[in-house]
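Undergrad: 3D model of this:
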Amino acid sequence: METTQLLQYLGVLVLFVLALAATGGMIAISNLIGKKGGRSRIKDTAYECGMLPVGGGTTRMSMKFYLVAMLFILFDIEVIFMYPWAVVYRAMLEDAATRNLILGAMLSFLGILTVGYVYALKKGAFHWRS
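TA: This next block holds a predicted model:
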């Protein structure tokens, strides 16, 4: 019994060995065939539209940017949850036992999001230049 269960994993083992061999082979061939030397400092600099890069690679972003991005994700997820609920809502209403439970669950979800929206509004999260 145990040997037949182990034989079922033989395909996974073969696939794992082939994946390791393929990646190792690509790295080895790249090192053997690849051009070594001939590199200068100008060749190793970052390419930015044909111009030499000036200044640091990263700039500091305002926290408002990240806050607005997180709020966008929050309200995007709200739509993702509400759309399927709205599509099947009529079919869910046929079951009288869960009719109020389903509506209550969505109203509580919207209530929590409304409280979050009002909080973000009062904190000035939507004012970009403040």
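Undergrad: Now do the helix or strand where Y119 lies, average pLDDT.
TA: Element membership of Y119 [criterion: DSSP states H and E] is helix 99-122. Per-residue pLDDT values over helix 99-122 give a mean of 86.
Undergrad: so what does it touch, helix or strand wise?
TA: Helix 99-122 is packed against helix 63-87, helix 89-93, with contacts defined by 3 or more C-beta pairs under 8 Å, 6 or more residues apart in numbering; DSSP states H and E. Using the backbone N, CA and C atoms, a C-beta is placed for each residue, glycine as well.
Undergrad: same thing but 6 Å
TA: On a contact count with 3 or more C-beta pairs under 6 Å, 6 or more residues apart in numbering; DSSP states H and E, helix 99-122 meets helix 63-87.
Undergrad: report the angle between the axes of the helix it packs on and helix 99-122?
TA: Calculated by axes from the mean of the first three to the mean of the last three C-alpha atoms, to 10 degrees, helix 63-87 forms an angle of 160 degrees with helix 99-122.
Undergrad: Go ahead and produce CSV holding the CA coordinates of stretch 121-130.
TA: Taking Å, rounded to 0.1, in the frame of the first residue of the first chain, the C-alpha atoms of stretch 121-130 are listed here in CSV:
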residue,chain,number,x,y,z
LEU,A,121,-13.0,62.7,5.5
LYS,A,122,-12.7,64.3,8.9
LYS,A,123,-9.0,63.6,9.1
GLY,A,124,-8.5,65.3,5.7
ALA,A,125,-7.3,62.2,3.9
PHE,A,126,-8.8,63.3,0.6
HIS,A,127,-7.2,66.8,0.7
TRP,A,128,-4.1,66.3,-1.5
ARG,A,129,-2.4,69.6,-0.8
SER,A,130,-2.9,70.0,2.9
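Undergrad: If you count neighbours, what's buried in that stretch?
TA: Residues of stretch 121-130 classed as buried by neighbour count (16 or more other C-beta atoms under 10 Å): A125.
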